[in-house]
Every structure is written in structure tokens, then in C-alpha cells.
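S.K.: Whatever this is, show me its structure:
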Amino acid sequence: MADGNLTLKLDAYTSAKIEARAKAVGLAPEVLAAQVITEALAAPDGLFADHASNYDLQEEGRPWSEVRPELVARMERKLAERS
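M.R.: Here you go, the predicted model:
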């Protein structure tokens, strides 16, 4: 791997998606895959970070019977705003 070469084994579905997208943009599948991986790794810090540390795991939750009506009301308001 120190030489920059890496071999990845992809499932048939992923391979087909890469091949189709590469063909659509006029690139070799290997070039497209390398670009996608490079861009994903260059994402801003925190984009793929695990944010579980932002939560107090000792905090008690609220019962669904209490949360559900609030959630439904909020969703209905949002849908009404779009109408």
C-alpha cells in the first residue's frame, strides 16, 4: 500500500453503479472510484464524525406517548406551511 496502489473488492451492485456512472461522465471506472474516495476523505472535519459524544447518555428520555403528539403537531405545521 505504501506505493499508492490499493485493491478493493466490491459487490456486483456497487461495481455496476460505478461502471454506469463512470460511463455517463466519460471516465474509467477506476478513475471515478478514486475521485469519489478522495473527495469523501477530504470532507470537512466533523462531517463524518460520530456525534454520540454530544449526548448525555445518562439523561432520561421521554415516553413516546408524550413525544408523539408533539411530533405529529410539528409535522402537520410543516406540511401546512408547504401548502
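S.K.: show me where the protein has helices.
M.R.: Assigned by DSSP state H, the helices in the chain fall at 12-25, 29-41, 64-82.
S.K.: Residues in contact with the second one: which ones?
M.R.: Applying Cβ atoms under 8 Å, 6 or more residues apart in numbering, the set of residues contacting helix 29-41 from outside is 8, 15, 18-19, 21-22, 25, 27, 48. Every residue, glycine included, has its C-beta placed from N, CA and C.
S.K.: picking that back up, among the helices of the chain, which gets the worst mean confidence?
M.R.: Lowest mean pLDDT within the helices of the chain: helix 29-41, at a mean of 89.
S.K.: can you give me the angle that helix makes with helix 12-25?
M.R.: Counting by axes from the mean of the first three to the mean of the last three Cα atoms, to 10 degrees, helix 29-41 lies at 100 degrees to helix 12-25.
S.K.: Helix 29-41: which residues count as buried?
M.R.: Within helix 29-41, the residues that count as buried by 16 or more other Cβ atoms under 10 Å are 29, 32-33.
S.K.: hang on, the earlier thing: could you work out the most separated pair of the contacts of helix 29-41?
M.R.: Greatest spacing in the contacts of helix 29-41, by Cβ to Cβ: Glu19 and Phe48 (25.4 Å).
S.K.: out of the two, which sits in the more crowded spot?
M.R.: A direct count of neighbours by other Cβ atoms under 10 Å for Glu19 and Phe48 places Glu19 higher, at 14 against 9.
S.K.: In contact with the more buried one: list those residues for me.
M.R.: By Cβ under 8 Å, 6+ apart, the neighbours of Glu19 are Pro29.
S.K.: distance of it from Glu59?
M.R.: Glu19 is 47 Å from Glu59, where distance means Cβ to Cβ, to the nearest Å.
S.K.: For Leu6, report the pLDDT, please.
M.R.: Value for Leu6, per-residue pLDDT: 84.
S.K.: Could you give the number of residues near it?
M.R.: Neighbours of Leu6 (other Cβ under 10 Å): 8.
S.K.: Got the phi and psi for it?
M.R.: Main-chain torsions, Leu6, degrees, to the nearest 10: phi -150, psi 140.
S.K.: Look up how far Arg74 lies from it.
M.R.: Per Cβ to Cβ, Leu6 is found 46 Å from Arg74.
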